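Engineer: show me the folded form of this:
(2 chains)
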Amino acid sequence: MEIGKTYNPKEAEAKWYPYWMKNNFFASKPDKTKKPYTIVIPPPNVTGVLHMGHMLNNTIQDVLIRRARMLGYNACWVPGTDHASIATEAKVVALLKEKGIKKTDLSREDFLKHAWEWKEKYGGIILEQLKHLGASCDWDRTKFTMQDELSDAVLDVFVDLHKKGHIYRGVRMVNWDPQGLTAVSDEEVIHKEKDSQLVYINYKIKGSSEHVTIATTRPETIMADTAVCVHPEDERYQHLKGKLVIIPLINKEVPVIFDDYIDKEFGTGALKVTPAHDINDYNLGIKHKLPVIDALTADGKISEAAQIYIGMDRFACRKQIIKDLQEQGFVTKIETIKNKVGHSERTDAVIEPRLSMQWFLKMDKISKPALDAVVNDDPEVKLIPEKFINTYKHWMENVHDWCISRQLWWGQRIPAWYDGQGNTVVCKTKEEAFEKLRSTNTEVRMENIKQDEDVLDTWFSSWLWPLTVFDPHIIKNGWDKANEDLKYYYPTNDLVTAPEILFFWVARMIIAGKEYTGQKPFTNVYLTGIVRDKQGRKMSKSLGNSPDPLELIKKHGADGVRVGMLLSSPAGNDLMFDETYCEQGRNFANKVWNAFRLIKGFMVEDIKQTEAQKEAILGFEIRFSEQLELINDNYSKYRMSDALMKTIKLFWDDFCAWYLEAIKPDFIDGQAQPIDKSTYQTTINFLEQLMVIIHPWMPFITEEIWHLIGERKQNDCCIVANWPKSQSLKEDLLKEYDSTKWIITTVRDTRAQKKLSPKDKLELFETSSKPISHFRNFVIKLANLNKYELTSEKIEGTISFIVNDSSFQIPVSVNVEEERERILKEIDYNKGFLKSVQVKLANEKFMNNAKPELVELERKKEADAMGKIKTLEAQLSSLK
RNA sequence: GGGGGGUUAGCUCAGCUGGUUCAGAGCACCUGCCUUACAAGCAGGGGGUCACUGGUUCGAACCCAGUACUCCCCA
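Structural biologist: From the prediction side, this is the model:
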């Protein structure tokens, strides 16, 4: 068989993903004889294409799910997408616009037809892309938040929560997106620091020649002013009590009010009060019973109520009004200040605080169990890393009511019905609504009943995700009648998501889970960081600093990219991505490939196993067990990068550099020597176990090698192989094995120092009360010795070194002066060390306070150091 | 303004209950090797005032206070 010198990922990827699919390895069905391990995917936006954040997130999920599968769990990873109302609607609107169709010209039904067409055609591209990464999702379970059954559940929840009194309708100041023409939640507003002009404007005081100066960054709203407010204790304005002031340009009279809400220091200490356009002013307005004048239209233009500039865009108006006010002498100065301006996450339009009728979910009571589930000494839901608990707590304790209505068409339409006479009922169908309305309005007629025009916030459907992907009828039926799937898979095990949506989504899923099943939706929440470029900038389309994930996969292989993503991504910390990480991953894949090539090339014959081979096997066995334990421990703590690095080093260092080098048969006269059957078979076993533990990180190459090792039955695949079990730790042996590595390294170093070729064989003499016993031939092989003997003599003309309690000598030509220097330096160091230990031991307070084990340890350190010094001094004297 | 992080080698990060040889890893760098698995490699090596100041302690990268810089969230 011809095996290439470098690993070719493309072939393996094209081969094994379809093979896994065909054999249903990703599929999961409830099976009472096995424990479930479940992850629901954070459903990507249906309009989305794969970006680096998805890569990180889904690689982690795939690693977890693949390992769980190998550990024998019934592993189920549910994929799907989110309908993303505002983003999708914006996309469809844009597409229609290109075709010359205006949304406003379409009926709701026709628009939705277009939207569904778009979804069928382009939605879900991202799921196909995930397959290139190797994501082992159970694709038969793919869900979409707006598919019929899931939508139905959303309406059930709305009706139910309304019945329970948690949902209400009210006029509120909302964050209005004048471009998307919808309200957006607080969480969807991005505050950006901007340079703004703070304009100082004089308002004349009625019946006086004086004026009062207000400062505002929003002069275009002065027509909506209904008062000017000053601090009751502000001495500058005491004379204004009971006075009226006149708004420039429109010459409207408004009262001066007094409230200690005012910050005397900001601007002039006098505030224009515009209840319709600022949340604080709105509250002031309520308190002081001020009228509300809405001077802006829904799309951000000046309304008729403003009297002037009608129809002008708000920003154009701002420029114009400043100019006009200046010309008429009302402006005293203009300052440039920095302030935060809210922008819509979806359309990037400047958010306008706006009063409107919206539906809200009351959060105070319903969120309580979700707070307790996380913030607790022994929490039901664990956040990883823990530092997010504080953030979560802070948010949940100050939670605001959730505005759940959106002025859009793409989404679940709010199941509220109006009879046109001020009666509202909430229920799923028009027929039901008719019945209900009739009880208060006997005159009501079917054709007069109108459904609410708005749809629900997308998060109002995705908060049900872990429930409805398994049982969409759970809301209706209740937990007791939940279907088999939900009972089996819920609560899920791990959720992998970004901290940015801890509140949007994670908290709300816990709320919904608690409300409808009395249980948490997941046990662990692994919060990934943000993928940034190496300058620390967030990756974004507009900056163009994000590599195309699929290109990366093409270039470095899926396995390489997966490793690259995880090499440096501790939970919750941002990842400074650099393509060289993928190179490291690719390099490792190549290393694995070549180790396999070496093993595959061995000539196996019926010969005797060498002692060095026996010892190497023992060494690797104990090392493998030791490291496997540590790797398992890292996994259990979700320390993914650590688990990965240990796995890589176990293969690269322990297996390749130490084990394979030790068992590799020699070349004699350019002729590779054969290997014995036993060593070969053991090596293959080791390789298989290593493929298994590497598999979650690098599924493709490991599956490829698994099958190249030998003929396999159809179902005998790496993906479903058993995770290895570690043997009991043999600490003494491990310690000896570690010592042998030090000995070997030191011999090699000596060779390098003496400018000897690695091919030159050396002799080694050991002086020890407890000499190396299990790995002597291993040392001979790897240090390339022709003699390794015990002695109690000082041999003349040797370089000497110490490993643990033993001293070693290598006969080589020695520069006595240099050697003396070196030993003296080492004696010096050890004496210093000894002194520090002895100071500790002489310290009464230490002796009284420190734990006994610790004192014991210090005594051992003292003895070790003294022993070492003695040995070194002996070496020194033997130099003479 | 309120809340939460972070600052350890050139870079990216570990360092768990304060206690060996605890100052570490990977990359980068330097030296020597095209040694027939692998130059995407092998062998070896150098490199840090643990941001700063003070405190607690027998003992501090680790605990406390303050300072500087920085990131995130909320208002």
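Engineer: now do the contacts for the closest residue to A:Lys735 other than its chain neighbours.
Structural biologist: In space, and not counting its chain neighbours, A:Lys735 is closest to A:Asn804: 8.0 Å by CB to CB, 6 or more residues apart in numbering. The way it works is simple: take the backbone N, C-alpha and C, and place the C-beta from them, glycine included. Contacts here follow CB atoms under 8 Å, 6 or more residues apart in numbering; on that basis A:Asn804 touches A:Lys735, A:Ser739, A:Trp742.
Engineer: number of nearby residues for A:Lys725?
Structural biologist: Neighbour count for A:Lys725, taken as other CB atoms under 10 Å: 9.
Engineer: using the three-state scheme, assign it.
Structural biologist: When classified by DSSP: H, G, I helix; E, B strand; the rest coil, A:Lys725 comes out as coil.
Engineer: give me the pLDDT value at it.
Structural biologist: Per-residue pLDDT puts A:Lys725 at 93.
Engineer: check A:Val855 too.
Structural biologist: Confidence for A:Val855, expressed as pLDDT, is 82.
Engineer: now do A:Met866 against RNA strand B, distance only.
Structural biologist: 10 Å (CB to the nearest atom of the strand, to the nearest Å).
Engineer: which residues does that residue contact?
Structural biologist: Taking CB under 8 Å, 6+ apart, one finds A:Leu834 in contact with A:Met866.
Engineer: state the phi and psi torsions of it.
Structural biologist: Main-chain dihedrals, A:Met866, degrees, to the nearest 10: phi -60, psi -40.
Engineer: same question, the one 3 residues further on
Structural biologist: Note on A:Ile869: backbone dihedrals following degrees, to the nearest 10 are phi -60, psi -40.
Engineer: that one and A:Asn830 touch, don't they?
Structural biologist: Yes - contact criterion CB atoms under 8 Å: A:Ile869 and A:Asn830 qualify, at 5.1 Å.
Engineer: return the residues of the stretch 301-450 of chain A in contact with RNA strand B.
Structural biologist: Residues of the stretch 301-450 of chain A lying near RNA strand B by CB under 7 Å from any atom of the strand: A:Lys340, A:Lys387, A:Asn390, A:Thr391, A:His394, A:Trp395, A:Asn398, A:His400.
Engineer: please identify, among these, the one with the most neighbours.
Structural biologist: Result: A:Trp395 is most packed of those (other CB under 10 Å), 16 neighbours.
Engineer: now that one: how far from A:Asn545?
Structural biologist: Distance, A:Trp395 to A:Asn545, by CB to CB, to the nearest Å: 30 Å.
Engineer: next: A:Pro466.
Structural biologist: Distance of A:Pro466 to A:Asn545, computed by CB to CB: 34 Å.
Engineer: more neighbours: the two, which one.
Structural biologist: Comparing A:Pro466 with A:Asn545 by other CB under 10 Å, the one with more neighbours is A:Pro466, at 26 against 16.
Engineer: does the more buried one sit in a helix or strand, and which one?
Structural biologist: Using DSSP states H and E, A:Pro466 falls within helix A:465-468.
Engineer: kindly export that helix (C-alpha atoms) in PDB.
Structural biologist: Output of helix A:465-468 as PDB, limited to C-alpha atoms (Å, rounded to 0.1, in the frame of the first residue of the first chain):
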ATOM      1  CA  TRP A 465     -35.700  25.400  22.400                       C
ATOM      2  CA  PRO A 466     -34.500  22.600  24.800                       C
ATOM      3  CA  LEU A 467     -38.100  21.700  25.400                       C
ATOM      4  CA  THR A 468     -39.800  21.900  22.100                       C
END
